[in-house]
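Asks: Pasting a predicted model and its sequence here:
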Amino acid sequence: MALFGLFSTKEKETLDKGLQKTKTGLLEKITRSIIGKSKVDDEVLDNLEEALIASDVGVETTLRIIERIEQRVARDKYVNAGELHDLLRNEIENLLAGNPHAGEDTPFDFSKKPYVVMVVGVNGAGKTTTIGKLAARLKNEGKSVVLGAADTFRAAATEQLTIWSERAGAAIVKQQMGADPAAVAFDALSSAVANHADVVLIDTAGRLHNKINLMNELAKIRQVMSKVVPDAPHEVLLVLDGSTGQNAFQQAQEFTKATHVTALAITKLDGTAKGGVVIGISDRFKIPVKFIGLGEQIDDLQVFNKKEFVATLFKV
């Protein structure tokens, strides 16, 4: 389960299993859209549009895909229904390729030490769990990791992160519930610098009910961290629950307004047929999807590999 490098056989198996519901749903919808047809016509395209939207690819991205296929059909004059599967796969690959940073083999720049990641997202999206799993992957790569429990307002948030720190073998910096989140972040970075840690992962409060307060809080955390590590944070990782479909789009929109999000982690893809949300969010926001969550196990967080992702979705 390398953080970077070749995609292992075990990771391919986990990806295949985790995307099974999305793949089955999408392929069944595509099959229904072309049944009884010998060529791709307007009816097929209408049915395909419905299939993609139903898979939570998103309206904007779906229309872009359909437009490209229409152009291909017009250019080639005749595209049979049997070719639609490969054509759709190619167009989705091209869309993901249009986001040049989506699915980088090396998600973090380890030349920066400590490499500071501020993790944001609504409560329930899997934010703290993602931090724990990411810490475990980093530790397996031989990196020293410090966790900062700056979500000081949610009951049991610090306790949950502490359990993950123990599982991952990572250090944790925490204070009492209700403490100033920026002070926790400051202490975490100070500890990381003093102990020459490689990576710092800062958990933050997942509240969207008052966007101004959220914006101010995240800005304060960033400002305080930069006093310890001048260019921190190096990454702002937004964690989204893939099973929420279009809600994930809304969360992405709100958080990108509240702070400068530089990367995405999309979780809980194993329990949903809405995995198309990965394609839509990557295309719409042009923010790299760096991690995907495919299960409950500690090693079920994967570096997003766009080629393997698309290949798995369309594997018959």
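Replies: Okay, I see it.

Asks: So the most centrally placed residue in the chain, which state does it fall into?
Replies: The residue lying closest to the centre of the chain (C-alpha atoms, centre = their mean) is Ala265, at 2.1 Å. Using DSSP: H, G, I helix; E, B strand; the rest coil, the structure places Ala265 in strand.

Asks: next one: Leu201
Replies: strand.

Asks: who does the residue nearest to the centre of the chain bridge with?
Replies: Val239, Phe291 (DSSP bridges).

Asks: show me what contacts Val310?
Replies: Arg89, Ile92, Glu93, Leu96 (C-beta atoms under 8 Å, 6 or more residues apart in numbering). For every residue, glycine as well, the C-beta is placed using N, CA and C.

Asks: can you do 6 Å?
Replies: Taking C-beta atoms under 6 Å, 6 or more residues apart in numbering as the criterion, Val310 is in contact with Ile92, Glu93.

Asks: Next one: it from Arg72, what distance?
Replies: 17 Å (C-beta to C-beta, to the nearest Å).

Asks: Over to Arg222?
Replies: Arg222 is 45 Å from Arg72, by C-beta to C-beta.

Asks: higher neighbour count, those two?
Replies: Arg222 (19 against 15; other C-beta atoms under 10 Å).

Asks: how far away is the nearest residue to that one once chain neighbours are set aside from Ile65?
Replies: Leaving aside its sequence neighbours, Arg222 sits nearest to Pro233 (C-beta to C-beta, 6 or more residues apart in numbering; 6.3 Å). For Pro233, the distance to Ile65 (C-beta to C-beta) stands at 34 Å.

Asks: outside of stretch 72-83, which residues touch it?
Replies: By C-beta under 6 Å, 6+ apart, stretch 72-83 touches Ile34, Lys37, Lys39, Val40.

Asks: Can you measure across it, start residue to end residue?
Replies: Using C-alpha to C-alpha, to the nearest Å, one end of stretch 72-83 lies 11 Å from the other.

Asks: now do stretch 297-313
Replies: 22 Å.

Asks: Use 40 as the first number for this chain going forward.
Replies: Right, with 40 as the first residue, what we last looked at is stretch 336-352.

Asks: Can you point out the buried residues in that stretch?
Replies: 337, 339-345, 347-349, 351-352 (16 or more other C-beta atoms under 10 Å).

Asks: Please identify which pair of the residues you listed lies farthest apart.
Replies: Greatest spacing in the buried residues of stretch 336-352, by C-beta to C-beta: Ile337 and Val349 (26.2 Å).

Asks: For Phe324, which non-adjacent residue is closest in space?
Replies: Ala291 (5.6 Å).

Asks: From Leu279, how far out is that neighbour?
Replies: 6 Å.

Asks: The two - which one has more neighbours?
Replies: Leu279 (29 against 22).

Asks: so what's the more buried one up against?
Replies: Contacts of Leu279 by C-beta under 6 Å, 6+ apart are Ala164, Ala287, Gln290, Ile305.

Asks: before we move on, what about Val239?
Replies: So Val239 contacts Pro153, Val155, Val185, Ala227, Leu228, Ala231 (C-beta under 6 Å, 6+ apart).
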